[in-house]
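A.B. asks: need coordinates for the below:
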Amino acid sequence: MSRPKVVILCGGKGTRLREETEIKPKPLVEIGGRPILWHIMKIYAHFGYNDFILCLGYKGQMIKEYFYNYHILMNDFTINLDGKRDMILHNFSDEINWKITLVDTGLDSLKGARIKKIEKYIDGDNFLLTYGDGVANVNIAELIDFHNKHGKVGTLTGVRPPSRFGDLIIDNGRVTNFTEKPQASAGMINGGFFVLNRKLFEYLSADKECDFELGALERLAEAGELMVYPHKGSWECMDTFRETKHLDELWNQNKAFWKVWK
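C.D. replies: Model (predicted):
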């Protein structure tokens, strides 16, 4: 049985991080000299999940160019300018086993539409999904095991960061209400890092106005089909320039909690 594919939402405009996103898409904003997207992918790859689907939108061509030229960007090389342009790479990264499908899911599509548009690339019963701006030291293997045991359509990872995010109302591990980003929050919130059965696609449409949180997740919660995996470790997202600097400092000080790989 094939391993679930990893879907990463990479299409948003990142308006709260305008200092960076005016010139590049948010997933390419760098932490420690590497795009945050690379950090997220490394988390999954550490647990053996290295077949990725990237949902592109705003400045998506830059993400395509980054991975198309990945070996040139990430390695030393020698090139002969003799017409043949033969190239010799001098070092190889650990990412040589990654498989990446890059999908244009629309400039202005909401997240639900973006997920629906990659349905044809999902060939198993389950797939993994996360946002392109959040990092955590989540144990992906335990998360998937949790999902497989409860048999519901969806599992999201619940985390406990600052109060500006949305609340999850939970009863015995089942999400009973999904409220996205109220003014104040004191409990567990949606940290991404989902495991989803392909039945999710029945809750979505390719209409660009189809949302994921304010739509599919609400309906799954109402139907009793959304469970929460409580993550007791660390999680942070990169929404603002201040948060970007904070994550960059953690990396440069060897305090990056999400660096689960060697």
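A.B. asks: residue 78: what's it in contact with?
C.D. replies: Contact partners of residue 78, counting by C-beta atoms under 8 Å, 6 or more residues apart in numbering, are 87, 88, 90. Placement of C-beta: from N, CA and C, glycine included.
A.B. asks: how does it look with 7 Å?
C.D. replies: By C-beta atoms under 7 Å, 6 or more residues apart in numbering, the contact set of residue 78 is 88, 90.
A.B. asks: for residue 80, grab the count of nearby residues.
C.D. replies: 10 (other C-beta atoms under 10 Å).
A.B. asks: so how far is residue 77 from the nearest residue to it once chain neighbours are set aside?
C.D. replies: Spatial nearest neighbour of residue 80, excluding adjacent residues (C-beta to C-beta, 6 or more residues apart in numbering): residue 86 at 4.7 Å. Counting by C-beta to C-beta, to the nearest Å, the separation of residue 86 from residue 77 is 10 Å.
A.B. asks: also residue 150?
C.D. replies: 48 Å.
A.B. asks: OK, contacts around the nearest residue to residue 11 once chain neighbours are set aside?
C.D. replies: Distances taken as C-beta to C-beta, 6+ apart place residue 57 nearest to residue 11, at 2.5 Å, with adjacent residues excluded. By C-beta under 7 Å, 6+ apart, the residues touching residue 57 are 11, 12, 105, 106, 107, 109, 114.
A.B. asks: give me the buried entries from those residues.
C.D. replies: 11, 12, 105, 106, 109, 114 (16 or more other C-beta atoms under 10 Å).
A.B. asks: over to the residue located most distally from the centre of the chain: give its phi and psi.
C.D. replies: The C-alpha centroid of the chain is most remote from residue 82, which lies 41.9 Å away (C-alpha atoms, centre = their mean). Reported as degrees, to the nearest 10, the phi and psi values for residue 82 are phi -110, psi 20.
A.B. asks: can you check residue 87 too?
C.D. replies: Torsion angles, degrees, to the nearest 10, at residue 87: phi -130, psi 140.
A.B. asks: isn't it right up against residue 77?
C.D. replies: Yes: with contact defined as C-beta atoms under 7 Å, residue 87 counts as touching residue 77 (5.5 Å).
A.B. asks: before we move on, back to that, give me the subset of the buried ones among the contacts of residue 57 lying in helices.
C.D. replies: The members of the buried ones among the contacts of residue 57 that map onto helices under DSSP state H are residue 114.
A.B. asks: any idea which of the buried ones among the contacts of residue 57 is closest to residue 209?
C.D. replies: Distance to residue 209, by C-beta to C-beta, is smallest for residue 109 among the buried ones among the contacts of residue 57, at 8.4 Å.
A.B. asks: okay, residue 22: pLDDT?
C.D. replies: pLDDT recorded at residue 22 is 82.
A.B. asks: residues of stretch 226-244 that come out buried?
C.D. replies: 226-229, 231, 234-239, 243-244.
A.B. asks: for that stretch, measure first residue to last.
C.D. replies: Start and end residues of stretch 226-244 are separated by 31 Å (C-alpha to C-alpha, to the nearest Å).
A.B. asks: quick one: contacts of it?
C.D. replies: Against stretch 226-244 from outside (C-beta under 7 Å, 6+ apart): 16-17, 19-20, 29, 36, 133-138, 143, 146, 150, 152, 154-159, 161, 168, 170, 173-175, 188, 191, 217, 220, 247, 257.
A.B. asks: quick one: that stretch to chain centroid distance?
C.D. replies: 11 Å (C-alpha atoms, centre = their mean, to the nearest Å).
A.B. asks: pLDDT of that stretch, averaged?
C.D. replies: Per-residue scores along stretch 226-244 average to 93.
A.B. asks: swap in stretch 178-192?
C.D. replies: For stretch 178-192, mean pLDDT rounds to 67.
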